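Enquirer: Below are the sequence and a predicted model for it; my questions follow.
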Amino acid sequence: MTAAARFRTLHTQGLLRLANAWDAGTARLIEHLGAPAVATTSAGLAWAQGYPDGDALDVDALLHAVAGIARAIDVQLTVDVESGYSDDPSRVADTVLRVVRAGAAGINLEDGTGDPAVLTSKIRAIRRACAAQGIDVFINARTDVYLRGLAAEGERVDETLRRAAAYREAGADGLFVPGLVDADAIRAIATATGLPLNVMLRPQLQDLAALEALGVRRVSTGSALAESMYGRLATQVGTFLRDDRTALPDQQGMGYGAINGLFG
């Protein structure tokens with residue numbers, strides 16, 4: 001069974017919880033804590049490489065990071081490739097092939113504010129390129145209908161399902177709808193989409209058992225863990241640089257030995 005096939009199977013075994021890593025170290029920690037798979041956060045990974053989020057990451061830097069993560073873990077890895085770093089479907093397909101060869105079993109690929117037909121073309125190009133090379137990949141098609149308010153509130157379920165149908169026909173394996181938080185809308189989309197539904201954690205979505213009951217098959221943390229880390233680090237470093245007393249070393253820190261042992 002291919003890595004992509006094993007990753008597909010995880011979407012049929014209850015609610016797949018994906019904590020989003022941003023480098024090899026965080027990926028290894030997430031795996032160590034029992035995660036069945038690891039996802040990257042495009043924002044956190046870009047920040048860790050010194051780039052802003054939003055298709056600004058250099059593809060070679062992405063590939064270097066993915067290879068490092070894949071080396072550090074044994075579970076399946078899915079990589080957020082944003083919009084594929086190009087509007088040209090053939091270039092996107094080439095990038096995805098390189099990401100898979102670097103160790104990814106799956107990808108996230110988004111439509112953003114563009115014409116959804118562009119994402120449909122990219123998915124088709126990826127499937128053609130993979131078939132030609134004998135390569136498999138799980139394609140999680142992300143639509144930003146809710147995140148960016150791309151349709152009137154009362155039309156968002158229908159617009160999401162319209163896009164999902166096109167993405168599914170093109171070869172998508174899953175549907176990611178960040179910003180979707182309403183229970184009735186979640187249930188409606190999960191029931192009708194024909195694809196495993198992925199949502200992103202928000203304050204309104206902290207009851208994971210309820211999400212599974214609504215039909216959600218995958219939940220991810222997005223950039224939340226990276227944001228938490230940056231927030232804690234900013235507080236500690238700010239205090240160290242400005243105040244006469246410091247609370248460092250952090251008594252809640254994991255500890256040198258435990259961290260180093262992850263990579264033994």
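Expert: Received it, and whenever you're ready, just let me know what you need. Numbering: from 1, shown residues only.
Enquirer: residue ranges of the strands in the stretch 1-150 of the chain, please?
Expert: Remark: strands assigned in the stretch 1-150 of the chain by DSSP state E, counting those that start in this stretch are 16-18, 20-21, 37-40, 76-80, 106-110, 138-142.
Enquirer: Describe which strands the second one pairs with in its sheet and in which direction.
Expert: The strands that strand 20-21 pairs with in its sheet are strand 37-40 (parallel) (by DSSP bridges).
Enquirer: picking up where we left off before, and the strands of the stretch 1-150 of the chain as TSV, adding mean neighbour count?
Expert: No exception for glycine: its C-beta is placed from N, CA and C like everyone else's. Formatted as TSV, the strands of the stretch 1-150 of the chain follow (neighbours: other C-beta atoms under 10 Å):
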stretch	mean neighbour count
strand 16-18	22
strand 20-21	28
strand 37-40	26
strand 76-80	27
strand 106-110	25
strand 138-142	26
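Enquirer: got the end-to-end distance for stretch 138-149?
Expert: 26 Å (C-alpha to C-alpha, to the nearest Å).
Enquirer: mean confidence score for that stretch?
Expert: Averaged across stretch 138-149, the pLDDT comes to 98.
Enquirer: how about a markdown table for the strands of the stretch 1-150 of the chain, with distance to C130 added?
Expert: Formatted as a markdown table, those follow (distance: least, C-beta to C-beta, whole Å):
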| stretch | distance to C130 |
| --- | --- |
| strand 16-18 | 22 |
| strand 20-21 | 24 |
| strand 37-40 | 19 |
| strand 76-80 | 15 |
| strand 106-110 | 11 |
| strand 138-142 | 9 |
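Enquirer: wait, which of those is closest to N260?
Expert: Set against N260 and scored by C-beta to C-beta, the strands of the stretch 1-150 of the chain come closest in strand 20-21, at 18.1 Å.
Enquirer: show me the contacts for L225.
Expert: A19, N20, A21, W22, T26, T41, G44 (C-beta atoms under 8 Å, 6 or more residues apart in numbering).
Enquirer: distance of the second one from A226?
Expert: Pointing back at N20 there. 7 Å (C-beta to C-beta, to the nearest Å).
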